[in-house]
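Undergrad: quick one: sequence and predicted model below, then my questions.
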Protein chains: 2
Amino acid sequence: MPHSPVPSPELPLAHLRIADPFWQRYQRLVQEVVLPYQWDALNDKVADAEPSHAIENFRIAAGRSDGAFYGMVFQDSDVAKWLEAVAYLLAQHPDPALERDADATIELIGAAQQADGYLNTYFTVKAPQERWSNLAECHELYCAGHMIEAGVAYFQATGKRALLDIVCRLADHIDAVFGPGPTQLHGYPGHPEIELALMRLYEATGEARYLALARYFVEQRGTTPHYYDEEYARRGHSFFWGGHGPAWMIQDKAYSQAHLPVALQDTAVGHAVRFVYLYAGVAHLARHSGDATLRAACVRLWDNATQRQMYLTGAIGAQSYGEAFSVDYDLPNDTAYNESCASIGLMMFANRMLQLAPDGRYADVMERALYNTVLGGMALDGRHFFYVNPLEVHPPTVHGNHTFDHVKPVRQRWFGCACCPPNIARVLTSLGHYIYTRRDDALYVNLYVGSDARFEVGAQTLTLRQRGEYPWQDTIAFDVECSAPVDAAVALRLPDWCQAPQLRLNGEPVAIEAHHQHGYCVLRRRWQSGDTVQLRLPMPPMRVSGHPRVRHLAGKVAVQRGPLVYCLEQADNGADLHQLRLPASATLQAVPGSGALDGQVLLQATGERLHGDADAAAAPLYRYDAPPPARQPQTLTFVPYFAWANRGEGEMRVWVDASDG
Amino acid sequence: MPHSPVPSPELPLAHLRIADPFWQRYQRLVQEVVLPYQWDALNDKVADAEPSHAIENFRIAAGRSDGAFYGMVFQDSDVAKWLEAVAYLLAQHPDPALERDADATIELIGAAQQADGYLNTYFTVKAPQERWSNLAECHELYCAGHMIEAGVAYFQATGKRALLDIVCRLADHIDAVFGPGPTQLHGYPGHPEIELALMRLYEATGEARYLALARYFVEQRGTTPHYYDEEYARRGHSFFWGGHGPAWMIQDKAYSQAHLPVALQDTAVGHAVRFVYLYAGVAHLARHSGDATLRAACVRLWDNATQRQMYLTGAIGAQSYGEAFSVDYDLPNDTAYNESCASIGLMMFANRMLQLAPDGRYADVMERALYNTVLGGMALDGRHFFYVNPLEVHPPTVHGNHTFDHVKPVRQRWFGCACCPPNIARVLTSLGHYIYTRRDDALYVNLYVGSDARFEVGAQTLTLRQRGEYPWQDTIAFDVECSAPVDAAVALRLPDWCQAPQLRLNGEPVAIEAHHQHGYCVLRRRWQSGDTVQLRLPMPPMRVSGHPRVRHLAGKVAVQRGPLVYCLEQADNGADLHQLRLPASATLQAVPGSGALDGQVLLQATGERLHGDADAAAAPLYRYDAPPPARQPQTLTFVPYFAWANRGEGEMRVWVDASDG
């Protein structure tokens, strides 16, 4: 008996259309450049990039090509993420060529699926006897999760069931293999992802077994005797990844957040992407299961990750070793790892937390991650990507000191481990999932992205038309359209960065405080066609200071305007950015960008440069009781962090030395 | 025909006796604690330390014990360094028990030597067929060098030839194996050391072949086709060290300063210990060979290493990857490697440069390295050692962030790779080599270490008695004793840190400027018994500032008094040292230390703590347009850097935030 979809707090793809000058540029870029480019990359047609082989792996698995598997053990997921991004794009813009490539790929995937539902080209081609024998290291469930997400998205975007059917067979196979039964495996993934994917599949299909399987994976995690040890012993202590020492992924269980049961964890540890994917799934599960313990764990870990271990840019993962969290308040600017995918996962975690209970602080972080690290992960040309996103880059040091081997001073074309580019593409095309949250008769506006949203309340429909020039301009206008009056609430997020938001309803000022609930201004009324709301979020340039425990931020200041964090670049300010100081008294002025930064708002202030005229090369390395260094006034130009490194290689820093003057 | 020793600018061991309250304590510690402890360690009798197995390896090689080689490929060198330290100690203080152990060890070493003169327990026991097949990675010539140094020292200290004969046979064997002949190997060591050892052996024996062999090794280095590649191909591309990638030591030729011929190098690169050992040998060679090109290379590389890549503490090797130099002006305080052995090698390089041409700047660095990093490498108890010497340590981060895996917040008992502890012991017992430099009829006083020095000028002898309380007190007294007047110069170093030195000769003030030559005050006269010289080196506490290009030092200040660099420790100042600021106007006062720091001079100033009363845990991670943080006055207590981490685990930092107030 077919089940019905479970109501979701996300607007159906068909009910949302982006209409926003800032984001339409990105969506066009994704459609015209990123996805075709990535398609070429997946098919090894990009001359100066590392080969992907991802499509070819499926061909080999389907028996349509000879040859050996090539790539990472999780290479399949690049195809899945590309398909998911294509799905969201097709929901916005018909693109027959893309859809044809996607359909052909789905057909190929179906051919690569095994008779029992199993689907993974690495194991099918290279190690068919080793299926499900190394969950700790080998990403089978992770790849399955991404394929499930793609199947759900492609179905929801196009109505086509082919990939949904494939991933249902895959999920059914996994459900048969894993579980508490005596003949089943009692394991769970090394890299979480399938948990949130199964929750999406549950919502799309209404099949309760998928929810139960997600719950099984979450509740098994970190229990003892430890599954990673058991399977390690079962396969004769063989391991897949070297590098940090033999079997380190198995031994360092915190790396995969498997050191403790989920409900007992209280600090964000280990691989940052694993962490956010896991807790996005846990939050999603908690919403449906009502498990208060899991929910409390989500809140606790959210708070630790975002209040003690998050960079100003919404980046997480301070250490390169293990692409991992460090410890509370350890936020080095230059050695940071800060993977683009981790900030994407943080948006996913935030979105699930919003769906659990609307609270603006989750959306604040979601916005911070999106407008800074996620956007910054892609060049303005759509063809180059950052995997690692530090807040300070000094190219001569990056080139000469191996501590910075993970840092690239300019974005790269593609990566051997290519998780980030397709992940950025899918988040840019799926913004609709993040802008709004439905909750009963309330529509929460989390992000100020121009869009038309169709919101169904009971049998009635309210269409909210959001328009603005965010993040550059401070005014967002909403028009309401409905065939009959609708009793509903529209809740507008009041960003944490905005000191004095202003609101007008049909031209009349609204006292925001009277409607303030958990970071939103909740306007509950009988809406009529023609109602207008105008939200003004004044965005003067602001100075940001860091927590007293963060030793890397002592005596430093950052600059933010609206949701955008700014940075100094060598292109505008010369080299030796550490010699620049921003006095407390200096006024920051908005100025228009030009050239590569045309259309952007830059910020300028009169700062000072220390040692302006010193012949630095001839100066001694150390001086005793030297007079204070000379200070020369210099105009400091700040550019949005997301737009850095689009003008060649040079120094960059977000946190600038402050001075009292 | 036996040769005669070549005159050396070093005073013979028998002509020098340390008589210094500061250093006698260390020499006693070396005699009573360090060397016996290290003897136990070499014999695997220290319960809670990593096993050494070094003596047992010699027993096995000598056929007196069964079993397998254990330890690093350069484990033999620990025994050699211990013997060298013992030799210097015996030259100062008879110690029959130590001498008996040393003699027995030498007998054992002789038994382990092969009939052809070869001596290396790793290859003898474990891989006899692979002798001399992997110079790039396997440290055979390095171990030989240390054994040669020990042989020379033990002969000079005790007159016993047994070890000298052993190492002459070893050197003769090496001379037969290596050289330009068609049947010889055209190689040179991966880890330099033998060059300087052969120069010492040449001076001790007068055997010119040893000088020629040192020159061969130096001149072959970095030539093409590259020897490391040739031997790598010859042995079928096998390699010894993994870790940073296959055969990385062979491929990364700059790691061993073998990327270019020595004479063409102009930047200090690669493994810092290799660098200083190599250039100590090159400088030693250049003095005897008169090669102006090699000499110029030494000056050039000295300047780069010490004027662009040296920490204030005389430490070198800014990056942990490869224990290596980084790039000019990259001197991170917390991630620094700064191996103790590298600073010891820097002293050796400095000493050879002084012997090439007296110039106080070499002695300034020698003193800086000795009183800060080298001394700091050993705990005040003589039982614990640092391998790595950063200028800032934050224990919670060190424990939680793998970027700091090389850093230990407290000194360790022994190391699996135990190069540093015996190296510190031998430098502490061989101070006599560094204090004075003879040059014709001039005696240069490089270090202010209380001592009696017998200086022979032609047929005459001048005994200089140096007394003082350095580094704590500013006055050093010299008394001259001679049976007849001696025409000679006594040259007193004028330290770079001293702004206004004062000098009295027989009670009369001397205008120092009139006698100033290259950082020394050269007193040339007819010396008579009873002549006295009093040097006063006023040592007010000073602030140090860093070069404008060093971004880690911008806005920061360090404190130094005399040769001692100071630091803040948590034990005196509380945690969160980054919240402390030293205002420009604050006066630094000398105060006596107590407890573990009894007898030391500490420094105090009224500084300020930012965020004094903030409830840090509850504060948000980022704040907008926050008022400047509250400042609370706090007494800042600075302790000598060498004495840090003797009172348990806690934060430390040398460079403190300055403030304009």
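TA: Happy to help now that I have it. Residues are numbered from 1 along each chain as shown, chains lettered A, B, ... in the order given.
Undergrad: make it CA atoms for all contacts and neighbour counts henceforth
TA: Noted.
Undergrad: I'd guess residue A:521 is in a strand, am I close?
TA: Yes: assessed with DSSP: H, G, I helix; E, B strand; the rest coil, residue A:521 lies in a strand.
Undergrad: beta partners of it?
TA: residue A:492, residue A:516 (DSSP bridges).
Undergrad: tell me the contacts of it?
TA: A:491-494, A:512-513, A:515 (Cα atoms under 8 Å, 6 or more residues apart in numbering or on different chains).
Undergrad: where in chain A is pLDDT low?
TA: A:1-2, A:414-419, A:612-616, A:661 (pLDDT under 70).
Undergrad: hmm, try it at 50
TA: A:1 (pLDDT under 50).
Undergrad: center of it - which residue?
TA: The centre of chain A sits closest to residue A:344, judged by Cα atoms, centre = their mean, with a distance of 0.7 Å.
Undergrad: quick one, which of the contacts of residue A:521 are buried?
TA: In the contacts of residue A:521, burial by neighbour count holds for A:491-494, A:512, A:515, counting by 16 or more other Cα atoms under 10 Å in any protein chain shown.
Undergrad: all strands for the stretch 551-661 of chain A, in order.
TA: A:556-561, A:564-569, A:580-583, A:589-592, A:601-610, A:622-624, A:631-640, A:652-653, A:656-659 (DSSP state E, counting those that start in this stretch).
Undergrad: among those strands, which is nearest chain B?
TA: strand A:622-624 (4.6 Å; Cα to the nearest Cα).
Undergrad: now tell me what touches that closest one from outside.
TA: B:312, B:497, B:542-547.
Undergrad: which residues are in contact with the helix or strand in which residue A:304 is found?
TA: Using DSSP states H and E, residue A:304 falls within helix A:292-308. The contact list for helix A:292-308 (Cα under 8 Å, 6+ apart) reads A:262-268, A:279, A:282-283, A:286-287, A:316, A:328-329, A:353, A:365, B:620-621.
Undergrad: number of residues surrounding the closest residue to residue A:271 other than its chain neighbours?
TA: Take residue A:271 and drop its neighbours on the chain: the residue closest to it by Cα to Cα, 6 or more residues apart in numbering or on different chains is residue A:324, 4.1 Å away. Residue A:324 has 29 neighbouring residues, counting by other Cα atoms under 10 Å in any protein chain shown.
Undergrad: thought residue A:324 was touching residue A:268?
TA: No: if you go by Cα atoms under 8 Å, residue A:324 and residue A:268 don't touch, sitting 9.3 Å apart.
Undergrad: list the contacts for the closest residue in space to residue A:384 that isn't next to it in sequence?
TA: Nearest non-adjacent residue to residue A:384, counting by Cα to Cα, 6+ apart: residue A:413, 4.5 Å away. Shown in contact with residue A:413 (Cα under 8 Å, 6+ apart): A:48-49, A:383-385.
Undergrad: what subset of those is buried?
TA: Buried among the contacts of residue A:413 by 16+ other Cα under 10 Å: A:383-385.
Undergrad: can you add secondary structure and give those residues back as a markdown table?
TA: Listed next are those as a markdown table, based on three-state DSSP:
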| residue | secondary structure |
| --- | --- |
| A:383 | coil |
| A:384 | coil |
| A:385 | strand |
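Undergrad: residue A:606 reaches residue A:638, doesn't it?
TA: No: with contacts counted by Cα under 8 Å, residue A:606 stays clear of residue A:638, the gap being 11.3 Å.
Undergrad: quick one: which of these two has more around it?
TA: More crowded of residue A:606 and residue A:638, by other Cα under 10 Å: residue A:638, with 29 against 17.
Undergrad: quick check, the more buried one in contact with residue A:568.
TA: Yes: counting by Cα under 8 Å, residue A:638 does reach residue A:568; the two are 4.9 Å apart.
Undergrad: for residue A:165, pull up the helix or strand it's in.
TA: Under the assignment here (DSSP H and E), residue A:165 is part of helix A:162-177.
Undergrad: which parts of that helix are buried?
TA: For helix A:162-177, by 16+ other Cα under 10 Å, it's A:162-175, A:177.
Undergrad: and the closest residue to residue A:91 other than its chain neighbours, how close does it get to chain B?
TA: Once flanking residues are discounted, residue A:91 sits nearest to residue A:157: 4.8 Å by Cα to Cα, 6+ apart. Shown here: residue A:157 relative to chain B, a distance of 39 Å by Cα to the nearest Cα, to the nearest Å.
Undergrad: then residue A:200?
TA: On the measure of Cα to the nearest Cα, residue A:200 and chain B end up 33 Å apart.
Undergrad: now residue A:129
TA: Counting by Cα to the nearest Cα, the gap from residue A:129 to chain B is 30 Å.
Undergrad: contact partners for that residue?
TA: Taking Cα under 8 Å, 6+ apart, one finds residue A:123 in contact with residue A:129.
Undergrad: any idea how far residue A:304 is from residue A:296?
TA: 12 Å (Cα to Cα, to the nearest Å).
Undergrad: more neighbours: these two, which one.
TA: Using other Cα under 10 Å, the more surrounded residue of residue A:304 and residue A:296 is residue A:304, with 19 against 16.
Undergrad: where do the helices sit along the stretch 201-350 of chain A?
TA: Assigned by DSSP state H, counting those that start in this stretch, the stretch 201-350 of chain A shows helices spanning A:208-220, A:227-234, A:248-251, A:272-289, A:292-308, A:340-356.
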